[in-house]
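**Q** structure for this input, please:
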Amino acid sequence: YVIKEIGGVKIAFVGLTTTKLSPRIPPENIDKLVFADPLAAAKKYVPLLKEQSDLVVVLSHLGLSQDKELAKAVSDIDIIIGGHDGKVLYDPVQAAKVLILQAGDRGQYVGKLTLELDGQKRISSYRNELIPVDHEIYTPDPYVQGILKDYRAKERSGKIYSPDDRRKKLILPLPQPSSR
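**A** Residues are numbered from 1 along each chain as shown. Next comes the predicted model:
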């Protein structure tokens, strides 16, 4: 987790991921990581973070159904920005007064959430926008392109997914940026 002050508002960001890891991830890529139960972790850390911040935002890789369960089980969460199941939510879902957002998968959209807060620094209104990521409109960042090139080389060599993973053949290639 991290707490950032943005425009005079203290926002706590906490990340949660599923413990159900894909078998296509080589064990050496994750052998030094510990995957705690996300609900137990949220119940432990979110109340502590709420004491130190105005808003608590969960960055979740649990999937929409688990995000809804999380929102109902942990009352101090204000916003869940979720992923895992690739849902495109043009309008946030609300569960137990928690805004839940998702922006698709594979970089389809960048989500933009604009909040208005009342005098108590509680959310009084919001506007959500999904901005399409379109290589015809936006010039690719050279630094990010370099990271992507390195990643693709590792992927081709079998260092990202197990070489015998047949599912990776289903991954659609990202459109190549046009030269400008």
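**Q** please name the nearest non-neighbouring residue to Lys4.
**A** Counting by CB to CB, 6 or more residues apart in numbering, Lys4 lies nearest to Ile11, which is 5.5 Å off, once chain neighbours are set aside. Heads up, the C-betas are built off the backbone N, CA and C, glycines and all.
**Q** tell me the mean pLDDT over stretch 112-128?
**A** The average pLDDT for stretch 112-128 rounds to 96.
**Q** and it, end to end?
**A** 6 Å (CA to CA, to the nearest Å).
**Q** what of stretch 49-69?
**A** Length of stretch 49-69, first residue to last, CA to CA: 20 Å.
**Q** distance between that stretch and the chain's centre?
**A** Put simply, stretch 49-69 sits 11 Å off its chain's centre (CA atoms, centre = their mean, to the nearest Å).
**Q** what do you get for stretch 3-16?
**A** Distance, centroid of stretch 3-16 to centroid of chain: 15 Å (CA atoms, centre = their mean).
**Q** quick one: buried residues of the strand or helix carrying the residue nearest to Lys4?
**A** Per DSSP states H and E, Ile11 falls inside strand 9-17. Residues Ile11, Ala12, Phe13, Val14, Leu16, Thr17 are the ones in strand 9-17 that count as buried (16 or more other CB atoms under 10 Å).
**Q** can you tell me which of those residues is nearest Gln52?
**A** Ala12 (6.8 Å; CB to CB).
**Q** if we can go back for a sec, quick check: angle from the helix or strand that the strand holding Ile11 is followed by to strand 9-17?
**A** Per DSSP H and E, strand 9-17 leads on to helix 38-52 as the next helix or strand towards the C-terminus. Interaxial angle of helix 38-52 relative to strand 9-17 (axes from the mean of the first three to the mean of the last three CA atoms, to 10 degrees): 170 degrees.
**Q** average pLDDT for helix 38-52?
**A** Helix 38-52 shows an average pLDDT of 96 in the prediction.
**Q** now do the following helix or strand past that helix: everything it contacts.
**A** Next along the chain after helix 38-52, taking DSSP H and E as the criterion, comes strand 55-61. For strand 55-61, contacts defined as CB atoms under 8 Å, 6 or more residues apart in numbering pick out 9-18, 38, 42, 46, 49-50, 66-67, 70, 76-84, 121, 123.
**Q** got the angle for strand 55-61 vs strand 9-17?
**A** Using the same axes, to 10 degrees: strand 55-61 against strand 9-17 is 20 degrees.
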